[in-house]
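Student: Fold the following and give me the result.
(chains A and B)
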Amino acid sequence: MNLAGHPRLTIRGLTKSFGGVHALSRADLTVMPGEIHGLLGKNGSGKSTLIKILSGYHRPDEGSLEIDGKPVALPIPLGRSEAIGLSFVHQNLGLLPEASVLENLIAGDHERVRPWFIDWGSEAQRARALFESYRLDLDPDATVGDLSPVKQAQLAIVRAADRVSAHKAHASPGLLVLDEPTPFLPIEDVRELFAMMRDLVAKGVSIVFVSHDIDEVMEITDRATVLRDGHVIGTFDTRTTDRNDIVAAIVGRSLTQERRVDAPPAAAAPLARVSALKGRVLGGFDLELRPGEIVGLTGLIGSGYDEVPYLLSAARPVAGGRLDIGGETLDLSSTAPAEAIARGIAFIPADRQKQGLALDLTLTENAMLPKCPSGVAGLFLNHRRRETATGGLIRDFFVKAVSPRQFGSELSGGNQQKLLLGKWLQLSPRLILLDEPTQGIDVGARQEIYDRLREACRGGAAVICASSEFEQLAMIAHRVLVFERGRVKAQLEGDAINKSSIELACYGETRIHA
Amino acid sequence: MREKSIGYQFERFGLVLVWVAVIAIFALMRPDTFLTWSNFSSIFGSEAVLVIVTLGLIIPLTAGDFDLSIAQTLTFVSMLTAILSARVGLPIEAIVPIALLAGAAIGVVNGSITLFFRVHSLIVTLGVGTFLHGITLWMSDSQTISGVERTLMNWVIIHRMFGIPISFYYAIALALIIWYALAYTTFGQQLLFTGRGREVGRLTGVAVGRVRMTAFIASGVMGAIAGILYTGTTGSANPNSGTSLLLPAFAAAFLGATCIKPGRFNAWGSVVAVYFLVTGINGLSVLGFRTYVHDLFYGGALVLAVMVSQLVSGRKERTL
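Tutor: Residues are numbered from 1 along each chain as shown, chains lettered A, B, ... in the order given. Purely as a prediction, here's the structure:
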């Protein structure tokens, strides 16, 4: 890291608010040439707002930006970031899987590649030389979709680095922003990416490394800046700072919120047992559920906790696993959603607009679909009765709707979610699976949803709720399981559950429960 | 409430009003040739085939799939019926079940390829339809086959009720069945979710694949019924009979989705749309326009119908 001369990037007093709420408040950030600089913070801390200002997506309210000592006018016009020396690799990498490595490498490179004639031979040669200079084993002719995830990440990063350093508008090696490129990679592959990042900074490139994973940030960065609630809490030298100080800066001191959990269910016979559940990331998850229990699942992005509801409801292909419920054993790898529903499993997905409700159908059609009778009774649907039943659900679940004949798209998000909850809870399920049940929903609706879940539990059902909102889990869960890399890393129970203890378990390295 | 607003009712019956207006205009211009019972009864009778093809189309359309092979299913079955009757000499009572089975089998082929290989139904049925046309030409040596047993004609075009050939009543009966199935059965709801919220349906336990397969089989059978009636209408089978029916049927299906139950493919909307389109064409030919008016009218109607339905759904979003 070269500390002499101008910094590569200087941000001063960057402020952005949305509807009166400060997403970013007078943020300062300095990145030196050849430095790897970590950017840490929880969801909603302002990290993504900062990055979106840098990429030109947001116009800041106040603040200034300098690159290599030269002031840059804000907002940055979209698509011009490379010309001023910034380049981005986002979590989804922005590659086209059907196209070749070379096609992906030159796609959108209007600076260098002529639009009317592409010299594929010399482009391939140039690509080989580029890959060689970073010691990357990439074949320009390979199809990107066939590459391993780490190779895809390498390609995205080398493309971004090449784009900015080869840009004719400046002589700077540039600044790369890597926005969570690692959460789906195994540790060995993360190491491989780190080696590549070290090669990049050796050539003078600066890197801003955004990650949830403190250990990764501690390992690869020179310094790290922590954001919380839109404020810069501090910039730390990651070689000399204690890990716990960084965790404290990320988490902060949170107020204790109202926790309204019914008395933990008495030790009854288990209602359901999950054994050796395997998914994309999830590797062998076991769980025993008592009737009346609410179990929260959480973890950082890519830790696999959010797969559980989709796997147990057979919504996604299951690599393996069994579910014992109501005296029956389901082999989940060969179960259809209908079979899970017949066993009393209800699943409320996070994507309510695509998976929960068909928004251009009516409320009645949506709410009554699971009640449609089969066999001969299915030949005589009684619309009046269906509408009356839907009207009942609308009342019971406090859905603000004009008529059961309305279209789903005419309801607000919170009311759609309440209707979705009603659609499933009317079946009196034994096991209720939820993924992010209150995403984009106002506080009042949230409380109503929590009340409904507690009510179902009093009736003997059990709830599994995957959520990235720790506060929510702290409010409703009897048990919280924290995941890391597909496994349960910590289990919190009873009074030990609060927002900070969940945060600590997520970011911390202590193993409370193996 | 939406149902009670005059605007909504106008939208529902708009096409019916336009149809009446079209009849009135042609009636004023050619009272003695256009506005005669014999002209109308021939329109109602002869276009029953088009009604049935359109009704067949809306089943897979509701489930989100296209069946472009339906017109060639009609041609193939029509030819099969003519050959089995005129050349093989089978009685009509034996031919009808064979013909219906052939239609169902075509549906199974369409459905299997679409579902198993996950190819878009548009491509699959385009290919299967062309293939069927090839078989039809081969079977018939590209000739019109005539000499079909007269019983079939009796039961399609010769018998009349209230002066209208009986084939019209078959079409109305089928419309009644499809209307009921779409509106009042679990299968209708499953079909709807398969088309409008496939993932929602799947996660609510709808066997989406089976529903789509059933829809293809249903449209195959409808194509076969239309084929039998086609042969019965003329007493012969022409190897190119269905080719000119595909576009009108699509135009009617989409135009029908703008009325009666706007925003959805529906049986009565399809019936109204077919008779609106053929009335227009009949009127124009009475006025002396030549055959090119068919293409102008059907092609224009299809594009116009899609534009109108887009406007209708756009209006829905704007009034939120």
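Student: right, is the helix or strand hosting B:A105 up against chain A?
Tutor: According to DSSP states H and E, B:A105 maps onto helix B:92-116. No - using C-beta under 8 Å from any C-beta of the partner chain, helix B:92-116 never reaches chain A; the gap is at least 14.9 Å. Placement of C-beta: from N, CA and C, glycine included.
Student: Alpha carbons of whatever helix or strand comes next after that helix, as PDB, please.
Tutor: Helices and strands here follow DSSP H and E; after helix B:92-116, the next one along the chain is helix B:121-140. The C-alpha coordinates for helix B:121-140 follow below in PDB (Å, rounded to 0.1, in the frame of the first residue of the first chain):
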ATOM      1  CA  SER B 121     -45.400 -25.100 -27.000                       C
ATOM      2  CA  LEU B 122     -45.400 -22.500 -29.800                       C
ATOM      3  CA  ILE B 123     -42.500 -24.200 -31.500                       C
ATOM      4  CA  VAL B 124     -43.600 -27.800 -30.700                       C
ATOM      5  CA  THR B 125     -47.100 -27.300 -32.100                       C
ATOM      6  CA  LEU B 126     -45.900 -25.400 -35.100                       C
ATOM      7  CA  GLY B 127     -43.800 -28.400 -36.000                       C
ATOM      8  CA  VAL B 128     -46.300 -31.000 -35.100                       C
ATOM      9  CA  GLY B 129     -49.000 -29.100 -37.100                       C
ATOM     10  CA  THR B 130     -46.800 -28.900 -40.200                       C
ATOM     11  CA  PHE B 131     -45.900 -32.600 -39.800                       C
ATOM     12  CA  LEU B 132     -49.600 -33.500 -39.700                       C
ATOM     13  CA  HIS B 133     -50.200 -31.500 -42.800                       C
ATOM     14  CA  GLY B 134     -47.500 -33.500 -44.500                       C
ATOM     15  CA  ILE B 135     -49.200 -36.700 -43.500                       C
ATOM     16  CA  THR B 136     -52.600 -35.400 -44.700                       C
ATOM     17  CA  LEU B 137     -51.200 -34.600 -48.100                       C
ATOM     18  CA  TRP B 138     -49.500 -38.000 -48.300                       C
ATOM     19  CA  MET B 139     -52.600 -39.900 -47.200                       C
ATOM     20  CA  SER B 140     -54.800 -38.100 -49.700                       C
END
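Student: now the helix or strand that helix B:121-140 is followed by, how far from the centre of its chain.
Tutor: Next helix or strand after helix B:121-140 toward the C-terminus (DSSP H and E): strand B:145-146. Relative to the chain's own centre, strand B:145-146 is displaced by 24 Å; criterion: C-alpha atoms, centre = their mean, to the nearest Å.
Student: List the buried residues in the helix or strand following strand B:145-146.
Tutor: Downstream of strand B:145-146, the next assigned helix or strand under DSSP H and E is helix B:150-153. For helix B:150-153, burial by neighbour count (16 or more other C-beta atoms under 10 Å in any protein chain shown) applies to B:152-153.
Student: nearest residue to the residue minimising distance to the centre of chain A other than its sequence neighbours?
Tutor: For chain A, the residue nearest the mean C-alpha position is A:I301 (4.8 Å; C-alpha atoms, centre = their mean). Using C-beta to C-beta, 6 or more residues apart in numbering or on different chains and skipping the chain neighbours, the partner closest in space to A:I301 is A:P183 (4.6 Å).
Student: Make sure A:V177 is indeed in a strand.
Tutor: Yes - assigned with DSSP: H, G, I helix; E, B strand; the rest coil, A:V177 falls within a strand.
Student: how far away is the residue nearest to A:I301 from chain B?
Tutor: 25 Å (C-beta to the nearest C-beta, to the nearest Å).
Student: looking at it, that residue is touching A:D213, isn't it?
Tutor: Yes - taking C-beta atoms under 8 Å as the definition, A:P183 is a contact partner of A:D213 at 7.4 Å.
Student: Which residues are in contact with each of these two?
Tutor: Common contact partners of A:P183 and A:D213 (C-beta atoms under 8 Å, 6 or more residues apart in numbering or on different chains): A:L300.
Student: Give me the more crowded residue out of the two.
Tutor: A:D213 (21 against 17; other C-beta atoms under 10 Å in any protein chain shown).
Student: Check the gap between the more buried one and A:A224 for me.
Tutor: 12 Å (C-beta to C-beta, to the nearest Å).
Student: Quick check: B:S142 vs B:A237, distance?
Tutor: Taken as C-beta to C-beta, the span from B:S142 to B:A237 is 12 Å.
Student: typo on my end, A:F398
Tutor: 63 Å.
Student: For B:S142 and B:A237, indicate the residue with more neighbours.
Tutor: Taking neighbours as other C-beta under 10 Å, B:S142 and B:A237 compare with B:A237 leading, 28 against 10.
Student: mind checking the SS state of the closest residue to that one other than its chain neighbours?
Tutor: Once flanking residues are discounted, B:A237 sits nearest to B:A82: 3.5 Å by C-beta to C-beta, 6+ apart. Taking three-state DSSP as the rule, one finds B:A82 in the helix state.
Student: Looks like B:A82 contacts B:S236 (just checking).
Tutor: Yes - with contacts counted by C-beta under 8 Å, B:A82 reaches B:S236, the gap being 6.1 Å.
Student: which residues are common contacts for these two?
Tutor: Common neighbours of B:A82 and B:S236 (C-beta under 8 Å, 6+ apart) are B:145-148.
Student: can you pull the pLDDT of the residue lying closest to A:A202 once chain neighbours are set aside?
Tutor: With sequence-adjacent residues excluded and distances taken as C-beta to C-beta, 6+ apart, A:A202 is closest to A:G34, at 7.5 Å. According to the prediction, A:G34 has pLDDT 91.
Student: Point me to the residue of the stretch 51-200 of chain B nearest chain A.
Tutor: When scored by C-beta to the nearest C-beta, the stretch 51-200 of chain B has B:G197 as its residue closest to chain A, at 2.6 Å.
Student: my guess is that residue contacts A:L361, does it?
Tutor: Yes - counting by C-beta under 8 Å, B:G197 does reach A:L361; the two are 6.6 Å apart.
Student: So which of those two has more stuff around it?
Tutor: B:G197 (27 against 22).
Student: mind listing what A:I106 touches?
Tutor: A:112-113, A:118, A:123.
Student: Could you count how many residues lie near A:V318?
Tutor: There are 24 residues near A:V318, going by other C-beta under 10 Å.
Student: Apart from its neighbours in sequence, what residue is nearest it?
Tutor: By the measure of C-beta to C-beta, 6+ apart, the closest residue to A:V318 outside its immediate chain neighbours is A:L332, 4.2 Å from it.
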